[in-house]
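Visitor: turn this into a structure:
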Amino acid sequence: MDIDAKYELITRNLQEVLGEEKIRNILATRDLKIYWGTATTGKPHIAYFVPMSKIADFLNAGCEVTILFADLHAYLDNMKAPWELLNHRVIYYEHIIKAMLESIGVPLDKLKFVKGTDYQLSKEYTLDVYRMTSVVTEHDAKKAGAEVVKQVDHPLLSGLLYPGLQALDEHYLEVDAQFGGVDQRKIFTFAEKYLPGLGYGKRAHLMNPMVPGLTGTKMSSSEEDSKVDLLDSVNVVKKKLKKAFCEPQNVEGNGVLAFVKHVVFPLKGSRGPFVIERREANGGNISFSDYPRLEATYSSGELHPGDLKEAVSNEINFLLQPIRKKFESTELRALTNRAYPSLVDKAAGKVSQMGVSEDLSVGLLDIRVGRIVSVEVHGDADTLYVEDVDLGEGKSRTVVSGLAKLVDRESLLDVLGLFVCNLKPVKMRGVVSEAMLLCASKEVDGLRCVEPLLAPPGSCPGDRVVTRGSLGDSTPPPQLNPKKKVWERLQPDLRVSATGKAVWKDSLLVTDRGAVCSPSIRDASIS
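Guide: A predicted model of the protein is given here:
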């Protein structure tokens, strides 16, 4: 690969490059050394695939790439990561970032992984921090961190140190260039200004655009509605994409299109074109081999937002599936809980958004046995079934399930299934669903396999499902507050074991007749 081809690959889809001549001069003699750093604060989300796809480009261009887990930066940024959690979060980030890279086919043996505190607490680095503080003004330090460091009315001194440390990292990691989002630009120009004053070389800087989130603004770990978590289930991804901001014909601030541009197309490779499945009445399936044509088709109105969202949710789930599978292990699930524990304010009755509360129990879900009396295909959606369910209440409930293309209609009739009965009723294509059918779900050879969980023999409609050992210990609320996202936080720990038993964490789900099971699917999620 010649210099121009390497440079083109290194810089494609970037918003800005500082130091183009420097990069070309280095490429004329050797491969470029680049580092990308990430502060180990909130859980990484799908926007992290944007830098991951660029890291793949860097490696394909022959670059030497270092990934920095910036744990000290996470602490300095208004203590977004408490000191006692730093090590757990670094380990979590290392596992999740490596899983992301593996999911897109990046060879890990070509990457160097470094933890910030492995060198940032050394005598030499600490002395350079002091040297930096002796020449940097408060104005420049505050300005440099304005787009990155959390802004508060009374900022801590630690936030002013942040840009200086990031500048010094370029020298201590012995790189030619730093890569990051365009929101880092002020820190990059800060480094170019101050490093030479300490006797260190000025580096080049490569900047990604900031990909809009699902709400049209920046995708952020602290804004639940703006992001898709890397461990979100298939159904949660689809639900979030359905609610995403994707105005017809509008390509500005469109996070769905931006994800396709910066992640889907760069990673497609040998997988072929980007295919959007549509009904024949809507024009039939359509495929795209490049982003400009997709954007032109969308802006012309020929492509409906709903069809685009469905295709993108499929692409996201394809990328996330190996990550979810890796994090099904007991070890990594325990690591996740250690890195992101909940802080419960019992006096105020609040649960923080750091993670799932240890006090948050599956007992909050009103799960009951229900007999499916009738099943019909939804009149306006051929992927949905409308079921009439006897839950032992004297009158049946209507339940809408997305199983029409996954489970045979006749096989559902007269089934004693499991239903979550205290979710807020939701209208699905004009039909109000009053409960949710629980199913085992697993991808096998690229195909999604689904089957309803079954109540133990002898169960009756209305029997309550609880964890073993807790029968009758608690009464769930009549209706869960959707803003608290109780179901979303409990669902990742609901699983089908290797023996086919339904469990929450390590506890069996049971009625007074025995254990709930999945007929044939093993080692699967429950949704």
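Visitor: surely Val432 is within a strand?
Guide: Yes. Assignment of Val432 by DSSP: H, G, I helix; E, B strand; the rest coil places it within a strand.
Visitor: got a list of what it touches?
Guide: Residues near Val432 by Cβ atoms under 8 Å, 6 or more residues apart in numbering: Thr398, Pro425, Val426. Heads up, the C-betas are built off the backbone N, CA and C, glycines and all.
Visitor: how much space separates the last one from Trp487?
Guide: Per Cβ to Cβ, to the nearest Å, Val426 is found 12 Å from Trp487.
Visitor: before we move on, back to that, buried ones among the contacts of Val432?
Guide: With neighbours counted by 16 or more other Cβ atoms under 10 Å, these contain no buried members.
Visitor: CSV for the residues you listed, including secondary structure?
Guide: Formatted as CSV, those follow (three-state DSSP):
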residue, secondary structure
Thr398, strand
Pro425, coil
Val426, strand
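Visitor: ok, of those, which one's closest to Phe288?
Guide: Set against Phe288, the nearest of these by Cβ to Cβ is Val426 (32.6 Å).
Visitor: excluding sequence neighbours, find me the nearest residue to the closest one.
Guide: For Val426, ignoring the flanking residues on the chain, the nearest one in space by Cβ to Cβ, 6 or more residues apart in numbering is Ser433 at 5.6 Å.
Visitor: residues contacting the one you found?
Guide: Thr398, Val399, Val400, Ser401, Pro425, Val426, Lys427.
Visitor: closest to Asp229 out of the contacts of Val432?
Guide: Using Cβ to Cβ, these come closest to Asp229 at Val426, 21.1 Å.
Visitor: how close does the closest one sit to Leu494?
Guide: 19 Å.
Visitor: and for Ile286?
Guide: According to Cβ to Cβ, Ile286 and Leu494 sit 37 Å apart.
Visitor: ok, those two, which is more surrounded?
Guide: Neighbour totals were compared for Ile286 and Leu494, and Leu494 leads with 22 against 19 (other Cβ atoms under 10 Å).
Visitor: wouldn't the more buried one be in contact with Lys501 here?
Guide: No. Using Cβ atoms under 8 Å, Leu494 is not in contact with Lys501; the gap is 11.8 Å.
Visitor: shared neighbours of those two, anything?
Guide: Here Leu494 and Lys501 share the contacting residues Leu509, scored by Cβ under 8 Å, 6+ apart.
Visitor: among the helices and strands of the protein, which has the poorest mean pLDDT?
Guide: Scoring the helices and strands of the chain by mean pLDDT, DSSP states H and E places strand 344-345 at the bottom, with a mean of 36.
Visitor: pLDDT below threshold where in this structure?
Guide: Applying pLDDT under 70 to the chain flags the ranges 78-81, 150-154, 215-226, 269-270, 342-359, 469-474.
Visitor: middle-most residue in it, spatially?
Guide: Centroid-nearest residue in the chain, with Cα atoms, centre = their mean: Asp229, separated by 2.1 Å.
Visitor: and for that one, nearest residue in space, chain neighbours not counted?
Guide: His45 (5.5 Å).
Visitor: residues touching the closest residue to Lys238 other than its chain neighbours, list them.
Guide: Among residues not flanking Lys238 along the chain, Ser313 sits closest, at 4.8 Å (Cβ to Cβ, 6+ apart). By Cβ under 8 Å, 6+ apart, the residues touching Ser313 are Val237, Lys238, Leu241, Lys242.
Visitor: Glu295 and Met207: what is the separation?
Guide: Counting by Cβ to Cβ, the gap from Glu295 to Met207 is 21 Å.
Visitor: okay, these two: which has more neighbours?
Guide: Neighbour tally, Glu295 and Met207, criterion other Cβ under 10 Å: the higher count belongs to Met207, 20 against 17.
Visitor: helices or strands up against the strand or helix carrying the more buried one?
Guide: Using DSSP states H and E, Met207 sits in strand 204-208. Identification of packing neighbours for strand 204-208 by 3 or more Cβ pairs under 8 Å, 6 or more residues apart in numbering; DSSP states H and E yields strand 16-18, helix 20-27, helix 49-60, strand 177-181, helix 185-194.
Visitor: the ones you listed: which one's closest to Thr126?
Guide: Among the helices and strands packed on strand 204-208, helix 185-194 comes nearest to Thr126, with 16.8 Å by Cβ to Cβ.
Visitor: who are the packing partners of that closest one?
Guide: By 3+ Cβ pairs under 8 Å, 6+ apart, helix 185-194 packs against strand 16-18, helix 138-144, helix 157-172, strand 177-181, strand 204-208.
Visitor: cool, thanks, signing off.
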